[in-house]
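Asker: what shape does this take:
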Amino acid sequence: MEELLRTTDPTVIAFARALLSGEDIECFEMDVHMSVLEGSIGVLPRRLLVRREDLFVARAVMTDNGIEVSRR
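Answerer: Residues are numbered from 1 along each chain as shown. As a prediction, this is how the structure comes out:
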């Protein structure tokens, strides 16, 4: 799995997941429960991962909808 995006904004993650679902691209959200460690203040980013073979299309979908993606 490859990192598609990293953000502290939960609305961006929800929007990105909906867009990927619409394109039949499976994704996995990492670091969801890190708020327990940080005290729920939202400073630790969440990551959205996709399969390597879906990364190119997933990046295109995000870019077309104004979401900045990771370029690692």
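
Asker: in this structure, spot the helix with the most residues.
Answerer: Of all segments of type helix in the chain, defined using DSSP state H, the longest is helix 10-22.

Asker: how far does the helix or strand that comes right after it sit from the chain's center?
Answerer: Following helix 10-22 in sequence order, the next helix or strand is strand 27-30 (DSSP states H and E). On the basis of C-alpha atoms, centre = their mean, to the nearest Å, strand 27-30 sits 7 Å off its chain's mean C-alpha point.

Asker: in terms of secondary structure, what does strand 27-30 contact?
Answerer: helix 10-22, strand 46-50 (3 or more C-beta pairs under 8 Å, 6 or more residues apart in numbering; DSSP states H and E). All C-beta spots, glycine's among them, are computed from the backbone N, C-alpha and C.

Asker: buried residues in the first one?
Answerer: It stands for helix 10-22. Buried residues in helix 10-22, counted by 16 or more other C-beta atoms under 10 Å: Val12, Ile13, Ala16, Leu19, Leu20.
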